[in-house]
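>>> Fold the following and give me the result.
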Amino acid sequence: MRVPLAMDVVKAAAEQHGVCVRPFTMEVGDPDTGELRYVAVPCGSTVESVCGPCATKARALRITQCREGWHLDHEPDFTPEPPSADQAELLTLRADLFTAYQQAVQDGELGEAEDLRDEITRTDDELRQLGMRGRLPSPDAPAKQAVKRSTKRRQDAPDLPRRKVAKTTLGREYAGKYRPSMFVTLTLDTYGRVHDDGTPVDPGAYDYRRAARARRTCRRHRLR
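Residues are numbered from 1 along each chain as shown. Below you'll find the model as predicted:
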């Protein structure tokens, strides 16, 4: 019984190499080929008792973000750059290859179709190297089926109130100069067991002084 379990050995090895000790298994499908495979995704926990490596990575990332000052005081500009002449020329070539590939598949010329498909893949790689983002349609992509919704909203129900959404990424500013990126919740230790109505189970052991001091302090520093 003193011999360590296999799970303990695996956990120790994962912590030694900084790997998540409780990853999630996700099924990933390739939309082009339809192939399914399973990948391990880190849990991303920020609690060290749950997963030490993930908590350490999250803490290091937060420290880096705070040190580099990632809080902006102005709205960033995300206006995309206009397409270049090389990108437009390559995309035109890809469209011609796409048409030729479909024609070769209809004529049953599988060898030529395979060569055209490889040429389309190389063209996509060149487009990404030129700085184009987004996914282009695959030559063998199946036709998308229309999404059928099984439920409809009741017409006699009133519209729910909606808040106006502002197109901004900046956080709210407090006191004219503070823009926090997170709020911290502090959970105080218990002052003693209580009944359902809030009265102490053992009045002699209940810490009334610390409860009153904590209540007064929290009320004084409450966010407004």
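
>>> Just name the shakiest helix or strand of the chain by mean pLDDT.
helix 208-220 (a mean of 78; mean pLDDT, DSSP states H and E).

>>> Outside of it itself, list whatever touches it.
188, 191 (CB atoms under 8 Å, 6 or more residues apart in numbering). (Each C-beta comes from the backbone N, C-alpha and C, glycine too.)

>>> Buried residues, it. List them.
Along helix 208-220, not one residue counts as buried under the neighbour rule (16 or more other CB atoms under 10 Å).

>>> can you check stretch 78-93 too?
For stretch 78-93, by 16+ other CB under 10 Å, it's 90-91.

>>> which SSE is residue 37 in?
strand 36-41 (DSSP states H and E).

>>> for whichever helix or strand comes after that strand, what is the average pLDDT?
Going down the chain from strand 36-41, the next helix or strand is helix 52-68, by DSSP H and E. Summarised as a single mean, pLDDT over helix 52-68 is 87.

>>> Against which helices or strands is helix 52-68 packed?
helix 6-16 (3 or more CB pairs under 8 Å, 6 or more residues apart in numbering; DSSP states H and E).

>>> For the helix it packs on, C-alpha coordinates in CSV please.
What follows is helix 6-16, C-alpha atoms only, in CSV (Å, rounded to 0.1, in the frame of the first residue of the first chain):
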residue,chain,number,x,y,z
ALA,A,6,-0.3,5.6,-11.1
MET,A,7,-2.5,8.7,-11.0
ASP,A,8,-0.2,10.2,-8.3
VAL,A,9,2.9,9.6,-10.5
VAL,A,10,1.2,11.1,-13.6
LYS,A,11,0.1,14.2,-11.6
ALA,A,12,3.6,14.6,-10.2
ALA,A,13,5.2,14.3,-13.7
ALA,A,14,2.7,16.9,-15.1
GLU,A,15,3.4,19.4,-12.3
GLN,A,16,7.2,18.9,-12.8
